[in-house]
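*Asks:* Fold the following, please.
(one chain, ligands or ions: 1)
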Amino acid sequence: MRVLVVTAVAAERDAVCAAAESCEESALPGGYPLRRLSGAPVAIEALAAGVGPAAAAAGTATALTAAALAGAPYDLVVSAGIGGGFPPGAAPQAPSSGAPVGSVVVADAIVAADLGAETPDGFAPVTELGFGTVLHRPEAALVRAVAAASGAATGPVVTVSTVTGSAARTAELAARHPGVLAEAMEGFGVAEAAAAHGVPVLEIRTISNAVGPRDRGAWRIGAALAALTDAFRTLPGALAAAAEAAGGSHRPS
Ligand SMILES: O=C(O)c1cccc(C(=O)CC[C@H]2O[C@@H](n3cnc4c(=O)[nH]cnc43)[C@H](O)[C@@H]2O)c1
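*Replies:* Next comes the predicted model:
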């Protein structure tokens, strides 16, 4: 089984690599450096593709195309990194357990939260305008296996192009996406590229900050990166267990 992990920045990629004995670097077309984790029972490669859904989609598509042309396609793509966690009760009409700083979230839905149009009646997603998609649903059994192994909560993770910085926007997103646990800026871009190549996708986020009014002093990036390393230590075992349960459709190698 070959797994591509896509992070936004090098610090996240390095946190993924820290789950392995060592990482070897190679180069993709376009100059993207790709790191191969060694010593893992599953072949995992990690790419820092840049911040935001467009950079994430471009990097992911480049890696998927290069692998396919080399005759060694990936079996799974994982969007991974730090993210903002919604506080419990962010939307009174849509109760959610929320995701505290330091916790791990595995997305059961990867949602483009701001892909659409403002209308007199509020935000309309592109799907209501008659085109595109705003949702990718990772395979449920894979989500369960990866979440169980890493102690993660499962729920929707929204992809935004603008980091939420107010209580009003937090409440709006939580009301529009019942049960939402986290927000980040790349998952939907990674998922679009994976879908275009017919490859399953997951999103794993470790929570560095609460979604809400901007408070940079409250960020806990170190703790979130450490949690990312811990989560990736459990990933190979979880994928092997999922493959076993699926009767070999996700082959560990
Ligand atoms: O300047 C700020 O107030 C601010 C607040 C939160 C995040 C940022 C970033 O520039 C981080 C972008 C980077 O990290 C992921 N991330 C982490 N927390 C969040 C969040 O609350 N909302 C959205 N993205 C977040 C994101 O995936 C990017 O890769 C700045």
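*Asks:* got the contact list for the longest helix seen in the chain?
*Replies:* Among the segments of the chain that qualify as a helix by DSSP state H, the longest is helix 221-245. With contact meaning CB atoms under 8 Å, 6 or more residues apart in numbering, helix 221-245 is reached by 1, 3, 5, 11-12, 15-16, 18-19, 40-42, 44, 76, 78, 80-83, 101-104, 141-142, 145-146, 148-150, 152, 204, 206-208, 249-252. For the C-beta atoms, the positions are set from N, CA and C on the backbone; glycine is no exception.
*Asks:* Just the endpoints, please. Distance across stretch 127-139?
*Replies:* For stretch 127-139, the first-to-last residue distance is 22 Å (CA to CA, to the nearest Å).
*Asks:* and that stretch, average pLDDT?
*Replies:* Averaged over stretch 127-139, pLDDT sits at 97.
*Asks:* from now on call the first residue 895
*Replies:* Sure, I'll start numbering at 895, so the last one becomes stretch 1021-1033.
*Asks:* ok, residues contacting that stretch?
*Replies:* Under CB under 8 Å, 6+ apart, the answer for stretch 1021-1033 is 1000-1007, 1009-1011, 1019-1020, 1082, 1085-1086, 1088-1089, 1094-1097.
*Asks:* All the strands of the protein, residue numbers only.
*Replies:* 896-901, 916-921, 927-932, 937-942, 970-979, 998-1006, 1010-1013, 1016-1019, 1029-1030, 1047-1053, 1076-1078, 1095-1104 (DSSP state E).
*Asks:* distance of G1106 from L1067?
*Replies:* G1106 is 11 Å from L1067, where distance means CB to CB, to the nearest Å.
*Asks:* Please apply the same query to T1021.
*Replies:* Taking CB to CB, one finds T1021 at 17 Å from L1067.
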